[in-house]
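Q: got a sequence here, can you build the structure:
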Amino acid sequence: MLTVSQISKSFGGRTLFEDASIQINRGERLGLVGPNGAGKSTLFSLILGEASPDEGRIVFEKGATLGYLPQESAPAGDETVLTLATAITPELTKARALVKKHEADPDSTGDDDEYHEALRIFAEHNGYQLEARAKQILHGLAFREADFDRPARTLSGGWIMRAHLARLLVQEPDLLLLDEPTNHLDLESLVWFQEHLRDYPGAILMISHDREFLNQLVGSIVEISRQRLLRYRGNWDDYVREKAAREEQHLSAYKNQQKEIAALQEFADRFRAKASKAAQAQSKLKQIERMEKIEAPLAAEKSVAKFRFPQPPRSGQRVLTMRNIDFAYGSLNVYRALDFEVEKAQRTVLVGPNGAGKSTLLKLAAGVLEPQGGTMEAGHNVKIGYFAQHRVEMLNGRHTVLEAVMDCAAPVSEQTARTVLGSFLFRGDDVFKPVAVLSGGEKSRLALVKLLLDPPNLLLMDEPTTHLDVGSIDALIGALEQFEGTLIFISHDVYFIRAIAKTVLHISAGRLTPYAGNYDYYLEKTRAQSERAALTAGEKLTDSRAGKSESESGTERSGPGLREMKEQRRQEAEQRKAEAKAKRDHEKRVAALEMQILNLEGRQKELAAALEDPAAYEAGGNAMALNRELSNVADEIARLTAEWEATAAKAE
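A: Have a look, this model is predicted:
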């Protein structure tokens, strides 16, 4: 479908690609990797036609369509979220606007021919079905029904990115280019997106730092190395293993060739002045010249983990205590009578479904939110640091990157500052950029560096790996492995969680369930179906009582009296009976909904077929009525499908 053939590309005297080739076939899923500055974004620009190769060709299969999601959001105009999600071609966008305008006011469109042409284009693209599909995808990306008619420009950059992502998924191009697509997604949206891409009909080429995401989706990794495109079969883990094996073979072959060259050179140097051996010596030199030289292996980049980060002051054993905490957003209760204690040196990841209260708990602990009831008390000598988006706003825009890092309570040398900045992608002259011109991701990385160079002894972090590449995530892991304080964090990066978390705290419906082990221990105890799903699991994964650890539901608990045990068994039997009845009710409702949806889809096909008849668009035709009914049917299918998904989840 796409052939990149022997391309070369240079910028400012620096060669990014030389004689590089790759072929992408229909339906393939590939991850594009390489160090910062290797040329990943440049390759996307070449494929998109925004830049041209100096040499070589990029050829698409005839009629193949292409879609692209950049890292940063494109500007949004006055269009609504739903309009943006259905704007798959300019032609359709214009036709859709005219049809909608005519439906609202039949006398407003004026030119009947123009309206009938718009109606034809709208029907040709299955306009009403497209709208229903867009709503389903927007729901999957966590948009609410009330958001559909909101002007897109009123949304934050992350939500505009989701709307653009929805548009691409509605469009379903033959080749989808994704540049860090998970950066702006919460956990539940990420799980939905990952499952959606499993069934995506087209090919996908993605840049991603999320190793779990790559492991779940791609069948090949394309690495940019030595200005070439090297293809590895398998997912990220397969790539790491095969790359290590290739590098070992390359190093062995290089060393053997160097030994051979040294031996030939030694013979030539020794005997070139001797008449009887001069011809042989010259032959050895020519043999060296004729050799196809093996390139020296690339030197591994130095890891920031070798640098010793400053350590925070020591705190008392009890770091933070919350007692009977109440907190609500308006009428929505998040926590009621919450008790929570944090002890020194904990490294805890917060997991649970979206909206369960994970970020709220961090904000309460950080003092960003005030509880509406209860008490909070920090322990002896505790210094709290909270890493979230608001830290970006605290940066001085007039400072350079280097000045921003050196302007901290615990000053460091310029060499130290530049070493750490290099590990977080600020290299060379990047350190002299004004903070004001940095992108959101760059500001986030800079705030992270400042925090690590002057760390608190209670560190609260909300999605710290967003906007970091694989190397920078490893640098952050190296820094946090050295960190001697207490850490509580939220992340959707399974690799990062495994590397850092020593305990897990599951949050669901305002209830906290601690697991006194690492992430693998949590997976084992909850019998999670997948690593990613475990991060968003609700109460169905836990068998412990509110506020109790999982060990307290087992034999370690001291036994209650006989009467209490009988009463407990009776209550549990009644609960099982009630749950079984609820399950049967949900299953009946699921069956009824499936029948309704099936009937409506049949009617939808009939209406679509009727609209394909040219007679429907002639004077006196019923195209408008058919379109209106089709729209109503599509909306009803979307509504019933959403109810079916929710009811089916309850039945499970």
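Q: all contacts plus neighbour counts: C-alpha atoms, from now on.
A: OK.
Q: thought residue 433 was touching residue 397?
A: No. Contact criterion C-alpha atoms under 8 Å: residue 433 and residue 397 do not qualify, at 10.2 Å.
Q: mind checking the end-to-end distance for stretch 492-512?
A: Terminal residues of stretch 492-512 are spaced 19 Å apart (C-alpha to C-alpha, to the nearest Å).
Q: can you list the low-confidence ranges for the stretch 551-652 of the chain?
A: 551-573, 617, 619-621, 652 (pLDDT under 70).
Q: do the stretch 151-300 of the chain as well
A: 299-300.
Q: contacts for stretch 344-358 next, please.
A: The contact list for stretch 344-358, computed with C-alpha atoms under 8 Å, 6 or more residues apart in numbering, reads 186-188, 315-319, 334-335, 484-491, 497, 500-510, 534-538.
Q: would you list the buried entries among those?
A: Taking 16 or more other C-alpha atoms under 10 Å as the criterion, what is buried in the contacts of stretch 344-358 is 186-188, 315, 318-319, 334-335, 484-491, 497, 500-510, 534-538.
Q: please, where are all the helices along the stretch 151-300 of the chain?
A: 157-171, 187-198, 211-217, 236-271, 278-290 (DSSP state H, counting those that start in this stretch).
Q: for these, give me CSV that also has distance to residue 205.
A: Shown next, in CSV, are the helices of the stretch 151-300 of the chain (distance: least, C-alpha to C-alpha, whole Å):
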stretch, distance to residue 205
helix 157-171, 14
helix 187-198, 12
helix 211-217, 11
helix 236-271, 14
helix 278-290, 40
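Q: which of these sits closest to residue 461?
A: helix 187-198 (15.3 Å; C-alpha to C-alpha).
Q: so which of the buried ones among the contacts of stretch 344-358 belong to strands?
A: Assigned to strands by DSSP state E, the following of these qualify: 318-319, 334-335, 486-490, 503-508.
Q: now what about stretch 248-259, what contacts it?
A: Looking at what lies outside stretch 248-259 - C-alpha under 8 Å, 6+ apart - the contacts are 293-297.
Q: in strands, which of the residues you listed fall?
A: Nothing among these maps onto strands, per DSSP E.
Q: residue 81: which of these is nearest?
A: Checking the contacts of stretch 248-259 against residue 81 by C-alpha to C-alpha gives residue 297 as the nearest, at 50.0 Å.
Q: residues contacting the closest one?
A: Residues in contact with residue 297 (C-alpha under 8 Å, 6+ apart) are 247, 250-251, 254.
Q: of these, buried ones?
A: Buried subset of these (neighbour count, 16+ other C-alpha under 10 Å): 250-251, 254.
Q: any chance of those in a markdown table, with distance to residue 624 too?
A: As requested, these are exported to a markdown table (distance: C-alpha to C-alpha, whole Å):
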| residue | distance to residue 624 |
| --- | --- |
| 250 | 68 |
| 251 | 71 |
| 254 | 73 |
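Q: which residue ranges form the helices in the stretch 351-500 of the chain?
A: Under DSSP H, counting those that start in this stretch, the stretch 351-500 of the chain gives helices at 358-366, 390-393, 401-406, 414-423, 440-453, 470-482, 494-500.
Q: can you lay out the contacts of stretch 248-259 as TSV showing distance to residue 241?
A: Output for the contacts of stretch 248-259, formatted as TSV (distance: C-alpha to C-alpha, whole Å):
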residue	distance to residue 241
293	26
294	22
295	21
296	20
297	17
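Q: mind telling me what element the residue nearest to residue 486 when sequence neighbours are not counted is part of?
A: Once flanking residues are discounted, residue 486 sits nearest to residue 345: 4.3 Å by C-alpha to C-alpha, 6 or more residues apart in numbering. Under the criterion of DSSP states H and E, residue 345 resides outside all helices and strands.
Q: contacting residues for the nearest residue to residue 467 once chain neighbours are set aside?
A: With C-alpha to C-alpha, 6+ apart as the criterion, residue 467 has its nearest non-adjacent residue at 5.2 Å, and that residue is residue 441. Listed by C-alpha under 8 Å, 6+ apart, the contact partners of residue 441 are 466-468.
Q: any chance of TSV for those, columns neighbour count and pLDDT?
A: As requested, the contacts of residue 441 are exported to TSV (neighbours: other C-alpha atoms under 10 Å; pLDDT from 0 to 100):
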residue	neighbour count	pLDDT
466	21	81
467	22	77
468	23	80
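Q: picking that back up, weakest of the helices of the stretch 351-500 of the chain by average pLDDT?
A: With a mean of 64, helix 390-393 has the lowest mean pLDDT of these.
Q: hmm, back to that, just curious, which of the contacts of residue 441 is nearest to residue 49?
A: Comparing the contacts of residue 441 against residue 49 with C-alpha to C-alpha picks out residue 467 as the nearest, at 25.5 Å.
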